[in-house]
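Visitor: Okay, sequence plus prediction incoming.
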Amino acid sequence: MTARRNFKHQVRARAAKTGESYTSALRHFRPTPAGDVMPEARNPRSVRLAVAQTLVRDDPRDAEALRESGREVRALMREAGTRGARIVHFPEGAICFPDKLVLSVDGPDAVGPADWDRCQWSVLRSELAAIAALARELRLWTVIASAHRLTGPHRPHNSLYVISDRGEVVTRYDERLLSKTKVSYLYAPGISPVTFDIDGVRFGCLIGMEIHYPELFAEYEKLDVDCVLLSTTGVSPGAASVQAQGHAAVNSYWVSFSVPTQHSATAPSGVIAPNGDWLERCPADGTPSVAVVNLDDSSEAAVESVAHARPWRRESRAGVYAEHQVTDPRSQDRTAAF
């Protein structure tokens, strides 16, 4: 705490002397390994991120519904591009989130194995191709959720495609920790985390029920991500948004929380800072929209969390306490009197 107070004091002193804003003054400081602060020119990393909320449709047999979802996604991509975004992030089911009864071979009243031949795959591929083409036109990285078809008889993955600003799929994340229904009837699980970099900022991806698994967020911290992109249909959306704040604060990185418009009244999409505070959120009125923020590692919240909290947690987990532990009878005796 003393180091942090000293750090803030030095930044504010420079701001008062030069007339700069706190954020501008902050750019001239960096923490040393000892925790001190040295004034020094730095090259802060910054990426402008748009997080979307869209109306999620649940019938993959409905070709026109898939096309409407695609049009909605592309409209929001254009808005994100107009607002200067470098990357736009969409929720789970942005094109379609198949209802378990719609595809069930035992349906429509009972859940059973999904018959994926009912899906309009050609329309889905066409919409994704149009999204990739627009990403290239706008020079906009786009992270979009979709079912990823495998070779029969294997079920598809529930995935996030990462499309570069050249319109190319550079990687894909497949949901690993699925709900019981998903893994039993709908999807094949993925096997590994996925990261990608934009302008020096590293992103990781999670989807669906994975909001409930802190070990996945901790895994991305170990992989040095700066921001986790979480796409979900909003299972217990209010609780999920609070969980997302906790994951951001515990791991000291940004979390982009993208959910359908259906949940916007209680948990609109938004971006969480590394200290757990919301930076920006979409409207809570059920409208398709984007919220746009700068992920700037020179911001006060980022410096506090990333430059101090995150390194100290890593140091403490590495065994820094061992050299301070003592052998003392009063320590070993758990029933020792006051």
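Guide: Arrived safely. Residues are numbered from 1 along each chain as shown.
Visitor: Please work out how many residues are found near Arg172.
Guide: Number of residues near Arg172 (other Cβ atoms under 10 Å) recorded here: 16. The way it works is simple: take the backbone N, C-alpha and C, and place the C-beta from them, glycine included.
Visitor: got a list of what it touches?
Guide: By Cβ atoms under 8 Å, 6 or more residues apart in numbering, the residues touching Arg172 are 148, 157, 159-162, 194.
Visitor: now do Lys182
Guide: 158, 175, 208-209.
Visitor: which phi and psi does it have?
Guide: Backbone torsions of Lys182, given as degrees, to the nearest 10, read phi -60, psi -50.
Visitor: continuing past the lowest-mean-pLDDT helix or strand in the chain, what's the next helix or strand?
Guide: Using mean pLDDT, DSSP states H and E, the weakest-scoring helix or strand in the chain turns out to be strand 37-39, at a mean of 43. For strand 37-39, the succeeding helix or strand toward the C-terminus, using DSSP states H and E, is strand 46-53.
Visitor: List the neighbouring strands of that next one plus their orientation.
Guide: strand 87-89 (parallel), strand 289-296 (antiparallel) (DSSP bridges).
Visitor: Would you write out the ChimeraX command that picks the buried residues out of the contacts of Lys182?
Guide: Selecting only the buried entries of the contacts of Lys182 in ChimeraX, with 16 or more other Cβ atoms under 10 Å as the criterion:
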select :158,175,208,209
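Visitor: What about the residue nearest to Arg155 when sequence neighbours are not counted, how many residues nearby?
Guide: Of all residues not flanking Arg155 in the chain, Ala188 sits nearest, at 4.7 Å (Cβ to Cβ, 6 or more residues apart in numbering). For Ala188, the tally of surrounding residues (other Cβ under 10 Å) stands at 17.
Visitor: so Ala188 touches Gly152, yeah?
Guide: No: the criterion here is Cβ atoms under 8 Å, and Ala188 misses it with Gly152 at 11.7 Å.
Visitor: sorry, back to before: dump the strands paired with strand 46-53 into TSV; add mean pLDDT as well.
Guide: Output for those, formatted as TSV (pLDDT from 0 to 100):
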stretch	mean pLDDT
strand 87-89	98
strand 289-296	96
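Visitor: Tell me which of the ones you listed is the most buried.
Guide: strand 87-89 (a mean of 29; mean count of other Cβ atoms under 10 Å).
Visitor: Phe217: what secondary structure?
Guide: State at Phe217, reduced to three classes by DSSP: H, G, I helix; E, B strand; the rest coil: helix.
Visitor: mind checking how far it is from Ala244?
Guide: Phe217 is 9 Å from Ala244, where distance means Cβ to Cβ, to the nearest Å.
Visitor: just to revisit the earlier point, tell me which residues touch the residue nearest to Arg155, please.
Guide: Neighbours of Ala188 in contact, by Cβ under 8 Å, 6+ apart: 150, 154-157, 174.
Visitor: Could I get the full set of helices for the stretch 201-338 of the chain?
Guide: 214-222, 237-251, 300-302, 310-317, 329-332 (DSSP state H, counting those that start in this stretch).
Visitor: closest to Val170 out of those?
Guide: helix 214-222 (17.6 Å; Cβ to Cβ).
Visitor: Ile163 and Gly238, how far apart?
Guide: 31 Å.
Visitor: what's the answer for Pro193, then?
Guide: 27 Å.
Visitor: one step back: which secondary structure element contains the residue nearest to Arg155?
Guide: Counting by DSSP H and E, Ala188 is found in no helix or strand.
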